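Engineer: Predicted model and sequence follow; I will ask about them next.
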Amino acid sequence: MNVAICGCGWLGLPVAKALYKEGYNVYGTKRNEREANALSAFGIHGMPMQLPLIGDDQLSSLATLLSSDVMVINIAAGRNSIDKEQHYLNVLSLSNAAYQSGCQRIIFISTTSVYDGRKGRVTEDDDVMPLTDSALTHVKIENSLRAQWGDKLTIVRLSGLIGEDRHPVKFLAGKDGLKGGSNPVNLIHLEDCVAAIVRLIGFKGTMSVLHLASDFHPTRREYYTQIAKQLSLPLPEFSPDDESSVAKVIDAEKTLTNLGYVLKHRDLMLSK
């Protein structure tokens, strides 16, 4: 089976490497030729790709990738509102090219921030409620892909990724006046995320929306204070807030049950 990983970054590269080890024929993209060529060291057919896809020459050079059996779209949006609209157009151009090239299935890596307006437990069957420009863009992309691909599309909504040298506490350490201290954390370890996506690619049934999140939900204050201590970082200071407020808690039980996957990292106090 040919699998294309569009966006071989912090998440995409481990997914591509894991797929290669499982015997898949893997194509991967990077923004420039030098980085794309470096993917060959991992058994991945690297291809430089700049979005939006424009012109016959560019489409021709990516023909084998665009016609893959499965394409994983894992491309980050920009940081401002102009970039968000361009990001939407970029992903749409990739989707259109894959559709016209005969790709059989699309997996779109989205985010659980599309539920930021919701409170309490959120399942895969709940409606989105985006609040930020980024979340709105993700919903817009999801809707466009769904209209184009129908049941050939699977949307994977990720909670915050941690693992290896990446942890959000590093951006919070030593800061004060932080908000949302009583809100629950919604996180997923990189190793579990990669394993679940690999399992999804081999899944024979139809799954419309997936959640990837740990069932570990202490408050932000409890969690980030403890992790900062473990990593010997300055402690983050959270402002007093309404302890009665109930933010979203991402429930991934349905996803994990359908995939037959058991999380390796459930207690994220122990996962750095």
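Structural biologist: Received, thanks.
Engineer: What mean pLDDT does stretch 119-139 get?
Structural biologist: Mean per-residue pLDDT for stretch 119-139: 96.
Engineer: Export it to CSV, keeping only CA atoms.
Structural biologist: The C-alpha trace of stretch 119-139 is given here as CSV (Å, rounded to 0.1, in the frame of the first residue of the first chain):
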residue,chain,number,x,y,z
LYS,A,119,-18.0,22.7,28.4
GLY,A,120,-17.8,19.3,30.1
ARG,A,121,-17.1,15.9,28.4
VAL,A,122,-16.8,16.1,24.6
THR,A,123,-17.2,13.0,22.4
GLU,A,124,-16.5,12.3,18.7
ASP,A,125,-20.3,12.8,18.1
ASP,A,126,-20.5,16.3,19.5
ASP,A,127,-20.8,19.4,17.3
VAL,A,128,-17.8,21.7,17.0
MET,A,129,-17.8,25.1,18.7
PRO,A,130,-14.7,27.0,17.5
LEU,A,131,-13.7,30.3,19.1
THR,A,132,-10.3,31.2,17.6
ASP,A,133,-9.3,32.0,14.0
SER,A,134,-7.2,28.9,13.9
ALA,A,135,-10.0,26.7,15.1
LEU,A,136,-12.4,28.3,12.6
THR,A,137,-10.0,27.6,9.8
HIS,A,138,-9.7,23.9,10.8
VAL,A,139,-13.5,23.6,10.8
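Engineer: before we move on, which element is the closest residue to N2 other than its chain neighbours in?
Structural biologist: Setting aside the residues directly before and after it, N2 is nearest to S68 in space (CB to CB, 6 or more residues apart in numbering), at 4.3 Å. C-beta: built from backbone N, CA, C; applies to glycine. Counting by DSSP states H and E, no helix or strand carries S68.
Engineer: now do K84
Structural biologist: Using DSSP H and E, the element containing K84 is helix 81-101.
Engineer: What of L59?
Structural biologist: Judged by DSSP H and E, L59 forms part of helix 56-61.
Engineer: same thing with F108?
Structural biologist: strand 105-111.
Engineer: G260: neighbour count?
Structural biologist: Using other CB atoms under 10 Å, G260 is surrounded by 8 other residues.
Engineer: Could I get the full set of helices for this protein?
Structural biologist: 12-21, 33-38, 56-61, 63-66, 81-101, 133-149, 169-172, 190-201, 220-230, 253-259 (DSSP state H).
Engineer: Need those in TSV (columns: distance to D267).
Structural biologist: Below are the helices of the chain laid out as TSV (distance: least, CB to CB, whole Å):
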stretch	distance to D267
helix 12-21	21
helix 33-38	35
helix 56-61	46
helix 63-66	39
helix 81-101	35
helix 133-149	28
helix 169-172	16
helix 190-201	12
helix 220-230	11
helix 253-259	16
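Engineer: V246: which of these is closest?
Structural biologist: helix 220-230 (13.3 Å; CB to CB).
Engineer: buried ones in that closest one?
Structural biologist: 220-221, 223-225, 227-228 (16 or more other CB atoms under 10 Å).
Engineer: ok, back up a step: relative to L212, tell me which of the helices of the chain wins on proximity.
Structural biologist: helix 190-201 (5.4 Å).
Engineer: Could you list the low-pLDDT ranges of the stretch 101-250 of the chain?
Structural biologist: 242-245 (pLDDT under 70).
Engineer: Thank you, goodbye.
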